[in-house]
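Peer 1: Sequence and predicted structure below; questions after.
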Amino acid sequence: MKTKEKEPDLPVSSRGFALRCPHCANPRLDLSFIRDGMQAYWCHRCERGFRIGEMPPAGIYRASDAKLEVHTLKTLPQTDARAS
């Protein structure tokens with residue numbers, strides 16, 4: 001019997017909000033330091049950055065809704081290499 005792998009928890013603020021890229025909806029944003037000493041979130045998928053205090057409203061959502069919006073990768077059917 002296979003056990004279901006738990007998806008990693010996304011970081012959530014104390015007010016119950018989580019962040020995602022407002023352009024591509026990627027929930028994986030890296031925290032980076034920029035030249036002027038400030039911090040920003042960087043999305044590797046669409047290669048855009050957002051200062052911490054200037055996140056567009058489309059990038060903020062309730063963490064309770066995150067379970068509904070998390071995209072899971074479907075695994076491809078495995079072929080038996082010995083069959084060929």
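Peer 2: Yep, it's here.
Peer 1: what about stretch 48-58, start to end distance?
Peer 2: End-to-end distance of stretch 48-58: 14 Å, with CA to CA, to the nearest Å as the criterion.
Peer 1: Outside of it itself, list whatever touches it.
Peer 2: 19, 21-23, 29, 32, 34, 38-43, 59 (CB atoms under 8 Å, 6 or more residues apart in numbering). Heads up, the C-betas are built off the backbone N, CA and C, glycines and all.
Peer 1: Most widely separated two among these?
Peer 2: 23 and 38 (20.4 Å; CB to CB).
Peer 1: who's more crowded, the two?
Peer 2: With neighbours defined as other CB atoms under 10 Å, residue 23 and residue 38 compare such that residue 23 has more, 15 against 12.
Peer 1: what's near enough to touch the residue lying closest to that one once chain neighbours are set aside?
Peer 2: The shortest distance from residue 23 to any non-neighbouring residue, by CB to CB, 6 or more residues apart in numbering, is to residue 46 (5.1 Å). Residues near residue 46 by CB under 8 Å, 6+ apart: 21, 23-24, 26.
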